[in-house]
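Engineer: have a look at this fold, sequence not included:
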């Protein structure tokens, strides 16, 4: 289950990429709204998955204690 520690950061990297892609589209006079929308969703998922992983870890720790 160690992959759960790394999956939120994949969303963060994807969000940063789509922000970069959106700015390059904006400079070329192409509508960047889809890229910015995907970036916002990816950053939201980063925080959501990070919070979910912390709750999962806390729940696991509480079950291990007598």
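Structural biologist: Received the coordinates, thanks. Since the structure is predicted, the reported quantities are computational estimates derived from the model, not experimental observations.
Engineer: the helix or strand harbouring residue 53: how far from the chain's middle?
Structural biologist: Residue 53 is part of helix 33-64 when elements are defined by DSSP states H and E. Centroid separation for helix 33-64 versus its chain: 7 Å, with C-alpha atoms, centre = their mean, to the nearest Å.
Engineer: list the buried residues in the helix or strand bottoming out on mean pLDDT in the chain.
Structural biologist: Sorting the helices and strands of the chain by mean pLDDT, DSSP states H and E puts helix 33-64 at the bottom, at a mean of 91. Residues of helix 33-64 classed as buried by neighbour count (16 or more other C-beta atoms under 10 Å): 35, 36, 38, 39, 42, 43, 45, 46, 49, 50, 53. From N, CA and C alone the C-beta is placed, and that goes for glycine too.
Engineer: now those residues in a markdown table, with distance to residue 21?
Structural biologist: Listed next are these as a markdown table, based on distance: C-beta to C-beta, whole Å:
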| residue | distance to residue 21 |
| --- | --- |
| 35 | 5 |
| 36 | 9 |
| 38 | 9 |
| 39 | 8 |
| 42 | 11 |
| 43 | 14 |
| 45 | 17 |
| 46 | 17 |
| 49 | 21 |
| 50 | 23 |
| 53 | 27 |
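Engineer: which one among these gets closest to residue 19?
Structural biologist: Comparing the buried residues of helix 33-64 against residue 19 with C-beta to C-beta places residue 39 closest, at 4.6 Å.
Engineer: that closest one touches residue 13, doesn't it?
Structural biologist: No - using C-beta atoms under 8 Å, residue 39 is not in contact with residue 13; the gap is 11.1 Å.
Engineer: give me every residue that touches residue 46.
Structural biologist: 8, 9, 11, 12, 15 (C-beta atoms under 8 Å, 6 or more residues apart in numbering).
Engineer: give me the buried entries from those residues.
Structural biologist: 8, 11, 12, 15.
Engineer: show me which of these is closest to residue 65.
Structural biologist: Nearest to residue 65 among those, with distances taken as C-beta to C-beta, is residue 8, at 25.7 Å.
Engineer: check contacts around that closest one.
Structural biologist: Counting by C-beta under 8 Å, 6+ apart, residue 8 touches 45, 46, 47, 49, 50, 53.
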